[in-house]
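A.B. asks: how would this look folded up:
(one chain, ligands or ions: 1)
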Amino acid sequence: MKVLIIGSGVAGSEAGTYLGHHATEPLEVVEVECEPGRRFGGWAFQSFPDTETTNLALRKMYLGRDPEEISRWFDDPEVRASWPEAYREVRFSVDRPVPRALVQRYIEWRRSQVHNPLVTYSHVSGEAMRVRQRCHDAVSVELRSGRVLEADALIMASGSIAVKVPPYLEAWRDHERVVIDPLVLEGHQRRQSIPPDARVLILGTGLTGEEQANILYRRGHEALTLLSRNGHRHYTYDQDQHNQPLSLDHAPDLMHAETPEEFDQGLSDFYTRFLTQGHSREDILAALRPLWGDVRANLGGCYQTAQVLRRFRRSLAVNSIGVSHEVAAQLEQAEADGALRVVRGHIHDITEDRGSFHVKYDPDGPDSGEELRTLEVDWIVNAVGRNIIRHPIWEGLLRDGLAKKHAGIGVRVSEDGQLMDADGDASDVIWVVGMARAGDHALRHGFLGNTAFNVPQVREHLYDTMDAMLGRPCPTHTNRLEEVLFKITHHGRDARLVHGDETPLIWAVSEGYSEIALALVEAGASLDARNSRGNTALIRAACEGRLALARALVSAGADLDVQNEDGYTAVILARRRGHSHIVEFLLEAGAQTHHTTRWGTSFTDPGSSPKSPLLGPRDEHLEADILHTLGA
Ligand SMILES: Cc1cc2nc3c(=O)[nH]c(=O)nc-3n(C[C@H](O)[C@H](O)[C@H](O)COP(=O)(O)OP(=O)(O)OC[C@H]3O[C@@H](n4cnc5c(N)ncnc54)[C@H](O)[C@@H]3O)c2cc1C
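C.D. replies: This next block holds a predicted model:
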């Protein structure tokens, strides 16, 4: 199998590493990254600027499934010997943030730990521009150079892809004293060339804006202005980020606020209550997470929630993730020194006069009627943010109907992480990890700040998505018998099959592979596992009229009275399908008859829906192989 990964940031690199550790059949991993310096780091952890630490504490920055690994890595003398001199003697406690430059080394080290002879890696330097799904089990990607790469599966890990350029800056895109994207090498170099006595305007007070101000201040700049529309600032992480778990009885009703102001007040009251008890903002948000389902239900479902999240996005973002203590302390110092001022205002226009920019802005919002003010600056650094899907690669997928935008941010994915097409069907070959799942996280996992994304959120979905991808039938599987053989061999007798999330036992009972079903029961397969519709093997046996299998399941201990998603039990369904011999047997075995389904049917009034039994295709060799694998 050949897998292509677009983007080698945290998500893309880790996807490749995890596949490397877990592949059980030959796997060729091809990684495509457009900026070589970002390999194993992406935007945030590339080697420039390496002056700062992460905003999260060390214990939250781990990758993989072992939270202790990162501490061991940081403490390992052999590893330390390979670090830049400045860090070798520093002690990193688990509560302290870590230098960005070391995160990239950690991600790279994790890859070096893959020793799987079945897996090969290759790296392609280039920008992926166009994805084409050739059929349901193959995909091709065209690079800017015109080169076309083909694969059996594609992992989209392109992160926050394109810099946002506000309309008033469009005309100055190519100006030599404007840094459009400070996170790319060219922008970094241009920022480094700003003379220390220059008056610099940094647009945006988000994490990137504050980081840019900090880098400049540390270089000796003394005339910095940070400007944003509403003056929102992220909160500051403590230098030591202790965690004090919190549990809440019920969700706050702030999501019902009518206006952003009302919402801000509600959020602030909510935080204040628990902050004064010593909890961190992260702990408070984490406590909300289990209640997210209630919040969503109260608001009227996914769509309504997305609308609300969109309205209150800025507040949620600035309150859900903070600036590192180090950056905040420096900026406080810069403000106290008079080297930095923070201004709030909506920019009206920017003109140039005798070598300086005149930035006209309205402090009270656009068209407030107030007199415009003017800032005079020499340089402008754009830090208003990034867009996740504004790039030809996503635009093509959206145009072709292979992807669907998420209401809030990113694209829609299935629970397993497959890209969803315009009709809402999950792709067989395209998987999504990293930031393009920000919106999905916001709704599915209850991360309230849907514009902020970090390493723990990448970790939250990445490994499960890779497990789901590895667990899919290999593209050479032409039928479910092959899939069952593969799954039982590699993942055991209770592995889940792709269609209907069935165990091999539910499949065998449903499709009439009696010998295999009996062998599975004999081998100790889980009797009461349910498929995606809540059916157990016994419910399926009752439905399909398979008396011998129903007997075997019951005598092995299967639960007689499980209700499926619609509320049907085995005995109601057997009656509804007209299998009187099974009804008789189940009643004798003690099945209950008082259940009612969500459609109002019951044992006494089951309705009638006779159907001919399902029979899967026969293949004596494959069936014999499955029986052999089960030890029958
Ligand atoms: C300034 C800054 C500071 C941050 N600080 C922290 C922090 O301290 N802690 C924390 O947990 N999180 C932090 N984050 C957030 C963190 O970066 C992200 O959550 C995480 O890196 C997302 O990983 P990713 O792999 O999805 O995306 P990215 O890191 O954006 O990686 C995507 C990669 O894909 C490549 N790529 C994109 N398009 C293409 C294409 N078409 N062809 C080829 N390659 C392509 C890009 O070059 C990039 O290397 C920060 C982010 C920023 C911007």
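
A.B. asks: Let me see the backbone angles for the residue of the stretch 401-550 of the chain found nearest the ligand.
C.D. replies: For the stretch 401-550 of the chain, the nearest residue to the ligand under the criterion CB to the nearest ligand atom is G434, separated by 2.3 Å. Glycine gets a C-beta too; all of them are placed from N, C-alpha and C. Its backbone dihedrals place G434 at phi 80, psi -150, with angles given as degrees, to the nearest 10.

A.B. asks: okay but it is in contact with I6, surely?
C.D. replies: No: using CB atoms under 8 Å as the test, G434 is too far from I6 to be in contact (10.1 Å).

A.B. asks: which residues are common contacts for the two?
C.D. replies: Residues within reach of G434 and of I6 at once, by CB atoms under 8 Å, 6 or more residues apart in numbering, are 12, 157-158.

A.B. asks: For the stretch 351-500 of the chain, which residues are neighbours of the ligand?
C.D. replies: 391, 393, 434-435, 453-455, 458 (CB under 6 Å from any ligand atom).

A.B. asks: Same question for the stretch 1-150 of the chain.
C.D. replies: Counting by CB under 6 Å from any ligand atom, the stretch 1-150 of the chain sits next to the ligand at 6-12, 32-35, 38, 42-44, 54-56, 127-128.

A.B. asks: give me that answer again for 8 Å
C.D. replies: Taking CB under 8 Å from any ligand atom as the test, the list of the stretch 1-150 of the chain residues beside the ligand reads 6-14, 32-35, 38-39, 41-46, 53-56, 60-61, 97, 100, 103, 126-129, 143.

A.B. asks: Let's check: the centremost residue of the protein is which one?
C.D. replies: To find the centre residue of the chain, average its C-alpha atoms and take the closest one (CA atoms, centre = their mean): that gives R437, at 4.1 Å.

A.B. asks: which SS class is that one?
C.D. replies: Applying DSSP: H, G, I helix; E, B strand; the rest coil to R437 yields a three-state assignment of helix.

A.B. asks: Repeat that for L485.
C.D. replies: Following three-state DSSP, we place L485 in the helix state.

A.B. asks: same question, V359
C.D. replies: Assigned state for V359: strand (three-state reduction, three-state DSSP).

A.B. asks: can you count the residues close to it?
C.D. replies: The number of residues packed near V359 is 24, by other CB atoms under 10 Å.

A.B. asks: What residues does it make contact with?
C.D. replies: Each residue near V359 by CB under 8 Å, 6+ apart is listed here: 201, 227, 347, 350, 374-377, 380.

A.B. asks: Can you select the buried ones from those residues in ChimeraX?
C.D. replies: Written as a ChimeraX command, the selection of buried residues from these, which uses 16 or more other CB atoms under 10 Å, is:
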select :201,227,347,350,375,377,380
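
A.B. asks: Which residues does stretch 180-192 contact?
C.D. replies: Applying CB under 8 Å, 6+ apart, the set of residues contacting stretch 180-192 from outside is 35, 37, 43, 48-49, 163, 165, 169, 173, 176, 179, 208, 212, 215-216, 219, 381-383, 386.

A.B. asks: residues contacting the residue of the stretch 151-300 of the chain found nearest the ligand?
C.D. replies: When CB to the nearest ligand atom is the measure, the stretch 151-300 of the chain has its nearest residue to the ligand at G159, with 2.1 Å between them. If a contact means CB under 8 Å, 6+ apart, then G159 has 7, 9, 11-12, 42-43, 388, 434-436 as its contacts.

A.B. asks: Can I get those in JSON lines including neighbour count and pLDDT?
C.D. replies: Formatted as JSON lines, these follow (neighbours: other CB atoms under 10 Å; pLDDT from 0 to 100):
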{"residue": "G7", "neighbour count": "29", "pLDDT": "97"}
{"residue": "G9", "neighbour count": "27", "pLDDT": "96"}
{"residue": "A11", "neighbour count": "30", "pLDDT": "98"}
{"residue": "G12", "neighbour count": "28", "pLDDT": "98"}
{"residue": "G42", "neighbour count": "28", "pLDDT": "92"}
{"residue": "W43", "neighbour count": "17", "pLDDT": "87"}
{"residue": "I388", "neighbour count": "24", "pLDDT": "90"}
{"residue": "G434", "neighbour count": "27", "pLDDT": "96"}
{"residue": "M435", "neighbour count": "28", "pLDDT": "93"}
{"residue": "A436", "neighbour count": "28", "pLDDT": "94"}
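
A.B. asks: after the least confident helix or strand in the chain by mean pLDDT, next one along is what?
C.D. replies: Averaged element by element with mean pLDDT, DSSP states H and E, the chain has its least confident helix or strand at helix 302-311 (a mean of 78). With elements assigned by DSSP states H and E, the helix or strand that comes after helix 302-311 is helix 313-320.

A.B. asks: Mind giving me the packing neighbours of that following helix?
C.D. replies: Using 3 or more CB pairs under 8 Å, 6 or more residues apart in numbering; DSSP states H and E as the contact test, the elements touching helix 313-320 are helix 260-275, helix 281-288.

A.B. asks: Residues of the stretch 151-300 of the chain that sit close to the ligand?
C.D. replies: Applying CB under 8 Å from any ligand atom, we find that the stretch 151-300 of the chain lies next to the ligand at 157-161, 183, 207-208, 211.

A.B. asks: Walking through the stretch 351-500 of the chain, point out its helices one by one.
C.D. replies: Along the stretch 351-500 of the chain, counting by DSSP state H, counting those that start in this stretch, helices occupy 392-399, 438-444, 455-471, 480-491.

A.B. asks: Single out the most deeply packed of those.
C.D. replies: Among the helices of the stretch 351-500 of the chain, helix 438-444 has the highest mean neighbour count (mean count of other CB atoms under 10 Å), at a mean of 23.

A.B. asks: State the pLDDT value of G446.
C.D. replies: The score at G446 is 65. That number is its pLDDT.

A.B. asks: Give me the number of neighbouring residues for H406.
C.D. replies: Number of residues near H406 (other CB under 10 Å) recorded here: 23.

A.B. asks: which residues touch it?
C.D. replies: Neighbouring residues of H406 by CB under 8 Å, 6+ apart: 306, 412, 438-440.

A.B. asks: For P117, report the pLDDT, please.
C.D. replies: Confidence for P117, expressed as pLDDT, is 92.

A.B. asks: can you confirm it is in a helix?
C.D. replies: No: according to three-state DSSP, P117 belongs to no helix; its state is coil.

A.B. asks: what about it, how many residues close to it?
C.D. replies: If we define neighbours as other CB under 10 Å, then P117 has 6 of them.

A.B. asks: now it: how far from H123?
C.D. replies: Using CB to CB, to the nearest Å, one obtains 19 Å as the distance from P117 to H123.

A.B. asks: swap in K164?
C.D. replies: K164 sits at a distance of 29 Å from H123 (criterion: CB to CB).

A.B. asks: Per-residue confidence, D416, what does it come out as?
C.D. replies: At D416, the predicted lDDT confidence score is 89.

A.B. asks: contacting residues for it?
C.D. replies: The neighbours of D416, taking CB under 8 Å, 6+ apart as the test, are 426, 464-465, 468-469.

A.B. asks: ok, 10 Å please
C.D. replies: When the contact criterion is CB atoms under 10 Å, 6 or more residues apart in numbering, the partners of D416 are 426, 431, 461, 464-469, 471-472, 498, 501.

A.B. asks: And R575, by the same measure?
C.D. replies: R575 sits in contact with 542, 569, 582-583, 586-587, 593, 601-608, where contact means CB under 10 Å, 6+ apart.
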